[in-house]
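Chemist: structure for this input, please:
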Amino acid sequence: LVPTGRIINRFSSDVSKVDDSLPFILNIFLAHSVSLLGLLLVMCFTSPLLLCMLLPMSFMYRYLQHYYRQTSREVRRLDAVALSRVYGAFGEVVEAAPYVRAFGVQPLFHSKLTGLVDAYQRAAVTASAAGTWLGARLQLLAALLVSSVGALAVLRRQDLLPGGGDMSASLAGLSLAYALPIVSVLDGLLTSSAETEQEMVAVERIMQYLQLLPQLE
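Modeler: Numbering: from 1, shown residues only. Just a heads-up that it's a prediction; the model follows:
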């Protein structure tokens, strides 16, 4: 049997992701990386003690990144497999439409297609839920960073930390102004890196067909 759904999916959705989505998301990932580096340099310049806070927070961020990337990659594979089944079933029904009407088995094929679409929707909803899970934890992490910047500014101003008393209001405002966008930058960086890895699933699926041996007719 010819796997029509898999072939259509690879030559439509997967090829579109490789040619269009993957370069675009990779560009966004590089832009967010440079933005994050600039924000961290400014915050460390205005408040050097922030480096002590960045070390444990980097481990937390790394854990979130590793956990989310693994999950999202597998969910994307489930999404692609479910979509191939929908394409295949739809093509079969279109080809056999006269016979389906002749034998009156429309309810059977309707329930089959509905089940396949439900499976595809479950994968899509799971991917959305994973993104929401990540966003909530990144916001908590960014709130911790902003709170740390504000607390260090107050403590230095009150001479409660080394080098205290020399932090002007302008430097404190600068560090806080650069700490506030950290939420969107962290979210964009991790999301774009995970999306880049997810789009590589399309490359993986196309490579599987490129490596198939020719079959005898």
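
Chemist: the bottom helix or strand of the protein by mean pLDDT?
Modeler: helix 4-9 (a mean of 69; mean pLDDT, DSSP states H and E).

Chemist: what's the following helix or strand after it?
Modeler: With elements assigned by DSSP states H and E, the helix or strand that comes after helix 4-9 is helix 15-16.

Chemist: ok, residues contacting that next one?
Modeler: Helix 15-16 is contacted by residues Ala202, Ile206 when judged by Cβ atoms under 8 Å, 6 or more residues apart in numbering. Where C-beta positions appear, they are placed from N, C-alpha and C, glycine not excepted.

Chemist: could you point out which element follows it?
Modeler: helix 22-46.

Chemist: which elements pack onto the next helix or strand after that following helix?
Modeler: Scanning forward in sequence from helix 22-46 by DSSP H and E, the next helix or strand is helix 50-95. Applying 3 or more Cβ pairs under 8 Å, 6 or more residues apart in numbering; DSSP states H and E, we find helix 50-95 packed against helix 4-9, helix 22-46, helix 106-157, helix 182-210.

Chemist: how about the ones you listed in TSV, adding distance to Leu171 and mean neighbour count?
Modeler: Compiled in TSV, the helices and strands packed on helix 50-95 are given as follows (distance: least, Cβ to Cβ, whole Å; neighbours: other Cβ atoms under 10 Å):
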stretch	distance to Leu171	mean neighbour count
helix 4-9	55	19
helix 22-46	5	16
helix 106-157	8	15
helix 182-210	17	18
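
Chemist: which of those sits closest to Gln65?
Modeler: helix 182-210 (5.5 Å; Cβ to Cβ).

Chemist: that closest one versus helix 106-157: what angle between them?
Modeler: 140 degrees (axes from the mean of the first three to the mean of the last three Cα atoms, to 10 degrees).

Chemist: before we move on, back to that, let's have the helices and strands packed on helix 50-95 in TSV, adding distance to Tyr68.
Modeler: Listed next are these as TSV, based on distance: least, Cβ to Cβ, whole Å:
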stretch	distance to Tyr68
helix 4-9	25
helix 22-46	14
helix 106-157	5
helix 182-210	6
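
Chemist: who wins for proximity to Arg76 among those helices?
Modeler: Arg76 lies closest to helix 182-210 among the helices and strands packed on helix 50-95, at 4.2 Å (Cβ to Cβ).

Chemist: what's the closest one packed up against?
Modeler: Under the contact criterion of 3+ Cβ pairs under 8 Å, 6+ apart, helix 182-210 touches helix 22-46, helix 50-95, helix 106-157.

Chemist: for the ones you listed, which one sits closest to Tyr209?
Modeler: When the helices and strands packed on helix 182-210 are compared (using Cβ to Cβ), the closest one is helix 50-95, at 11.8 Å.
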